[in-house]
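Asks: this one's sequence-less:
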């Protein structure tokens with residue numbers, strides 16, 4: 001199981017320190033949620049945040065683009081230090097072209113799907129991506145409740161990955177805590193995005209990550 005702490009839930013007054021704590025705690029990557037107020041009803045961070053974190057950590061910076069027209073911003077984020085991109089199937093004018101643009105920048109490419117989007121939409125694009133992200137909440141805000149209806153979809157996508165591209169990561173994002181993490185891993189996920197259960201507890205970041213791995217509150 002890999003952990004991708006989401007800085008959306010971090011304390012931005014000491015963001016660099018918290019990312020460094022996550023690295024010391026054994027994080028596999030840092031998850032950066034980018035929102036534009038159009039694709040989702042919220043605004044969040046942009047490329048300057050990625051640039052500010054690049055000198056702070058050696059971990060891969062995973063950039064989740066919840067934005068309209070992600071193609072327009074790939075170059076900027078790549079130059080700022082993003083190592084991988086997650087783009088949404090929903091609303092993308094030409095997903096294959098977007099994935100190929102990411103690959104042309106020398107970055108890992110992933111596709112994210114929302115809770116109501118069926119697993120079947122991944123069938124044609126799966127051979128071209130390095131990871132799939134299943135949203136287990138509706139994207140746009142942190143601190144949401146996990147949607148248990150997504151667990152069966154995680155299992156279907158695991159079967160698809162095992163059949164088509166066994167080295168593709170299967171990542172989940174939204175409402176991940178010690179209880180829901182177990183459900184997702186049992187269904188076939190191997191990467192967990194966790195925000196408030198890592199940065200929003202009364203424990204240190206490494207301790208919160210260890211408790212999440214161990215399945216303890």
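Replies: Yep, that arrived. Since the structure is predicted, the reported quantities are computational estimates derived from the model, not experimental observations.

Asks: show me where the protein has its helices.
Replies: Along the chain, the segments classed as helices by DSSP state H run 15-24, 47-53, 74-80, 95-104, 151-164, 178-187, 196-199, 205-214.

Asks: what lies in contact with the lowest-mean-pLDDT helix or strand in the chain?
Replies: Per-element confidence for the chain was summarised using mean pLDDT, DSSP states H and E. The lowest value among helices and strands belongs to helix 205-214, with a mean of 92. Outside of helix 205-214, the residues that reach it under the criterion CB atoms under 8 Å, 6 or more residues apart in numbering are 1, 3, 5, 18, 21-22, 24-27, 176-178, 181, 192, 194, 197-199, 201, 203, 217. In short, each C-beta sits where N, CA and C put it, glycine included.

Asks: what's the most buried one of the helices of the chain?
Replies: Mean neighbour counts were compared across the helices of the chain using mean count of other CB atoms under 10 Å; the top stretch is helix 196-199, at a mean of 24.

Asks: name the helices or strands packed onto that helix?
Replies: Helix 196-199 sits against strand 2-5, helix 205-214, with contacts defined as 3 or more CB pairs under 8 Å, 6 or more residues apart in numbering; DSSP states H and E.

Asks: export those to TSV and append columns for distance to residue 103.
Replies: Rendered in TSV, the data for the helices and strands packed on helix 196-199 read as follows (distance: least, CB to CB, whole Å):
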stretch	distance to residue 103
strand 2-5	21
helix 205-214	31
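
Asks: out of these, flag the one nearest residue 75.
Replies: Of all the helices and strands packed on helix 196-199, the one in closest proximity to residue 75, counting by CB to CB, is strand 2-5 (23.3 Å).

Asks: list the buried residues in the closest one.
Replies: By neighbour count, and taking 16 or more other CB atoms under 10 Å as the criterion, the buried residues in strand 2-5 are 3, 4, 5.

Asks: now do the contacts for the second one.
Replies: Going back to what we said before, that points to residue 4. Under the criterion of CB under 8 Å, 6+ apart, the neighbours of residue 4 are 27, 28, 29, 30, 31, 62, 171, 191, 192, 193, 194.

Asks: rerun at 6 Å
Replies: Shown in contact with residue 4 (CB atoms under 6 Å, 6 or more residues apart in numbering): 29, 31, 62, 191, 193.

Asks: go on, the last one?
Replies: With contacts defined as CB under 6 Å, 6+ apart, the neighbours of residue 5 are 22, 27, 198.

Asks: which one of the residues you listed is nearest to residue 99?
Replies: residue 27 (25.3 Å).

Asks: thought that closest one was touching residue 3?
Replies: Yes: applying CB atoms under 6 Å as the test, residue 27 and residue 3 come out as touching, 5.3 Å apart.
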